[in-house]
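Peer 1: Quick one: sequence and predicted model below, then my questions.
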Amino acid sequence: MQTSSTASPELLDAVVHETGPAPTWTVLWLHGLGADGNDFSPIVPELVRKDWPALRFVFPHAPVRAVTINNGLRMRAWYDIRDFQDLANRADEAGVDESVEQIEALIAREGERGIPPQRVLLAGFSQGGAVTLATALRRKQALGGLIALSTYLPMADRLVREATAVAHTQPLFMAHGQHDPVVPYRGGEMAAARLRTLGFKIDWHAYPMAHQVCAEEIAALGDWMSQRFADKR
């Protein structure tokens, strides 16, 4: 496995893992509030299977910004959170829009490297999952798949209105902890319900856990990813 760090004036810094030479797929994975790109990089050896094609995992670092619910403390965040209790108003729309643009730039960079959107899986946990869904709904060219873990649909009414004609064609894996105190389980269910009204086919999983990931979830995600790779052979 090759490991490196990338930086560009135009692109977010990221931790990169390649599972083999000349990757043919990219997994772009967004961390949660206060973490960074290193947070989920250890998941690679647990997730990757021997029969998979060579993958490039890209774990970008969110920008550092003041977060209102944390008394204005500056930390890595995809957007500001001003209201912890109300999911409908939790996300700072300008911050979400900015992050979507930054993720789109990373997807475009993968295209320049020879990996088209249909071979990009966009994943995110918590805040990162919210940005994943916001990005996906606006895509004019479908991605190979979406992974939204322990998250919710930010700016739901607006994003549903803005959904493109191809958005629902993107396969979607969602998983949530039934005892999540950060993003309530009901928030994940509501997001899935809204997305189903748009035509999304969702592989939904629930686990008796808090705001985290578990081994069973990783195994289920691996099965789902195997299917994505098989579909594009």
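Peer 2: It's in.
Peer 1: Ignoring the adjacent residues along the chain, who's closest to Thr24?
Peer 2: Setting aside the residues directly before and after it, Thr24 is nearest to Pro53 in space (Cβ to Cβ, 6 or more residues apart in numbering), at 4.8 Å. Where C-beta positions appear, they are placed from N, C-alpha and C, glycine not excepted.
Peer 1: dump the residue contacts of that neighbour.
Peer 2: Under the criterion of Cβ atoms under 8 Å, 6 or more residues apart in numbering, the contact partners of Pro53 comprise Gly20, Pro23, Thr24, Trp25, Phe229.
Peer 1: Repeat that for Leu159.
Peer 2: Listed by Cβ under 8 Å, 6+ apart, the contact partners of Leu159 are Leu133, Ala134, Leu137, Arg138, Leu153.
Peer 1: List just the nearest of these to Ala77.
Peer 2: Ala134 (14.3 Å; Cβ to Cβ).
Peer 1: Please report how far the closest one lies from Leu195.
Peer 2: Distance of Ala134 to Leu195, computed by Cβ to Cβ, to the nearest Å: 12 Å.
Peer 1: ok, now Phe173?
Peer 2: Taking Cβ to Cβ as the criterion, Phe173 is separated from Leu195 by 12 Å.
Peer 1: Then Glu110?
Peer 2: Separation of Glu110 from Leu195 (Cβ to Cβ): 24 Å.
Peer 1: which of these two has more neighbours?
Peer 2: Leu195 (26 against 19; other Cβ atoms under 10 Å).
Peer 1: what residues are up against the more buried one?
Peer 2: Applying Cβ under 8 Å, 6+ apart, we find Leu195 in contact with Leu133, Leu153, His168, Leu172, Ile202.
Peer 1: Could you point out the helix or strand that follows the helix or strand containing it?
Peer 2: Taking DSSP states H and E as the definition, Leu195 sits inside helix 185-197. Moving toward the C-terminus from helix 185-197, the first helix or strand encountered (DSSP H and E) is strand 202-207.
Peer 1: which secondary structure elements does that next one contact?
Peer 2: If contacts are counted by 3 or more Cβ pairs under 8 Å, 6 or more residues apart in numbering; DSSP states H and E, strand 202-207 sits against strand 172-177, helix 185-197, helix 215-231.
Peer 1: about what we covered before: quick one: common contacting residues for Phe173 and Leu195?
Peer 2: Taking Cβ under 8 Å, 6+ apart as the criterion, Phe173 and Leu195 both touch Ile202.
Peer 1: Least confident secondary structure element in this protein?
Peer 2: For the chain, counting by mean pLDDT, DSSP states H and E, strand 2-6 ranks last in confidence among helices and strands (a mean of 47).
Peer 1: how about Leu137, secondary structure?
Peer 2: The local conformation at Leu137, judged by DSSP: H, G, I helix; E, B strand; the rest coil, is helix.
Peer 1: any chance you could map the strands in the chain?
Peer 2: Listed in chain order, the strands of the chain (DSSP state E) span 2-6, 14-18, 25-30, 55-60, 64-67, 73-76, 120-125, 145-149, 172-177, 202-207.
Peer 1: Go through the ones you listed and name the closest to Asp92.
Peer 2: In this view, the strands of the chain are compared for proximity to Asp92 by Cβ to Cβ, and strand 64-67 is the closest at 9.0 Å.
Peer 1: average pLDDT for the closest one?
Peer 2: Computed over strand 64-67, the mean pLDDT rounds to 94.
Peer 1: on contacts alone, who are the packing partners of it?
Peer 2: Judged by 3+ Cβ pairs under 8 Å, 6+ apart, the packing partners of strand 64-67 are strand 73-76.
Peer 1: Nearest residue to the middle of this protein?
Peer 2: Nearest to the geometric centre of the chain sits Gly124, at 2.3 Å (Cα atoms, centre = their mean).
Peer 1: All set, thanks.
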